[in-house]
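Asks: Sequence plus the predicted model coming up.
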Amino acid sequence: MNDDQRAERVKVTLHRSAIGSATVVVPVITAADAASPAPALMSPDEALQVLALAQRTAENHITAANRHAQQVRSEALASAEQIRLEAHSYAEKVRAEANRLRDEARSAAELRGRDADAQAAEIRRQAESTLAGARAEADRIVAGGHERAEQLDLRAKQRYEDAVGSLAIRREALQKQIEALAMFDADYRHRLASFMHTQLRALWIEQSGAGEMPEIEVQRPGGPVGCPEVS
């Protein structure tokens, strides 16, 4: 160690210690300085003052470091609490969104169920209406068929009665014509017989003179002698 170094009263080494973001400066007396003889120029009072100053500086830095550490700890606790609150809020939002989606899904399922029930009821109603209409149409067709059959039967009976009646009328007319022809035939035969009797009588008188003509039986109306009269 040279003379200049020995002339130094106390060599103070600043020891920087990082505590958090603060820097603490601690005065340290090296071993070489402690082993070397104290300079004759430093008095004990001066040494005590330097030591007290170094202690105060160290205490100030330690206090600042503790205060900074406390601030950092408070900020960390506040940040952790904020994160916890945000996480809780986010969880609540997620839970609320899940509940909303669940309620919407349940409402949609209930709505689809109601729609399906309504559609089934409408289909059932339409089927019943169609069946009732088909039954009514079938009954109407059957009733119309019965009515038409009755009308056809009535017309057939009417035609039969008309035909039978016309046949009876024609039979009666033919019967009258037959009777008229029979009367004409009988009258014709009677007249013919009378005419022939008259001619025979005249011929007999011319041939036999005054003798009497034998009686000739005149045919009765209705046919020759011995034949039944036509009624």
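Replies: Thanks, I have it.

Asks: What are the boundaries of the strands in this structure?
Replies: 12-19, 22-29 (DSSP state E).

Asks: The ones you listed: lowest mean pLDDT?
Replies: Lowest mean pLDDT within the strands of the chain: strand 12-19, a mean of 39.

Asks: Run a quick neighbour tally on Arg171.
Replies: Applying other Cβ atoms under 10 Å, we find 10 residues neighbouring Arg171. In this view, the C-beta of every residue, glycine as well, is placed from N, C-alpha and C.

Asks: Provide a list of residues in contact with it.
Replies: Going by Cβ atoms under 8 Å, 6 or more residues apart in numbering, Arg171 touches no other residue.

Asks: separation between it and Val164?
Replies: 10 Å (Cβ to Cβ, to the nearest Å).

Asks: what does Leu48 give?
Replies: Distance from Leu48 to Val164, by Cβ to Cβ: 169 Å.

Asks: Point out where the protein drops to low pLDDT.
Replies: Within the chain, the segments meeting pLDDT under 70 span 1-42, 209-231.

Asks: which helix of it spans the most residues?
Replies: Longest helix in the chain, counting residues (DSSP state H): helix 44-208.

Asks: how far out from the middle of the chain is that one?
Replies: 11 Å (Cα atoms, centre = their mean, to the nearest Å).

Asks: I'd like the numbering to begin with 766 instead of 1 from here.
Replies: Okay, using 766 as the starting number, the last item reads as helix 809-973.

Asks: Need the residue closest to the centroid of this structure.
Replies: For the chain, the residue sitting closest to the mean C-alpha position, by Cα atoms, centre = their mean, is Gln884 at 3.9 Å.

Asks: any idea how far Glu902 is from it?
Replies: Distance, Gln884 to Glu902, by Cβ to Cβ: 26 Å.

Asks: Same check on Ala819?
Replies: Going from Ala819 to Glu902 by Cβ to Cβ gives 120 Å.

Asks: Look at these two and report which has more neighbours.
Replies: More neighbours surround Ala819 than the other of Ala819 and Glu902, with 18 against 10 (other Cβ under 10 Å).

Asks: From Glu811, how far out is the more buried one?
Replies: Counting by Cβ to Cβ, the gap from Ala819 to Glu811 is 13 Å.

Asks: what about Ile970, neighbour count?
Replies: 13.

Asks: Val907 now?
Replies: Val907: 10 neighbours (other Cβ under 10 Å).

Asks: Then Ala829?
Replies: 15.

Asks: do the same with Ile848
Replies: 10.

Asks: now Arg954
Replies: Neighbours of Arg954 (other Cβ under 10 Å): 18.

Asks: and what of His911?
Replies: Other residues close to His911 by other Cβ under 10 Å number 10.

Asks: do the same with Asn831
Replies: The burial count assigned to Asn831 is 13, neighbours taken as other Cβ under 10 Å.

Asks: wait, what's in contact with it?
Replies: No contacts exist for Asn831 under Cβ under 8 Å, 6+ apart.

Asks: how many neighbours does Pro809 have?
Replies: 8.

Asks: Over to Arg966?
Replies: 14.

Asks: One more: the one 5 residues further on?
Replies: Burial of Glu971 is recorded as 8 neighbouring residues (other Cβ under 10 Å).

Asks: All set, thanks.
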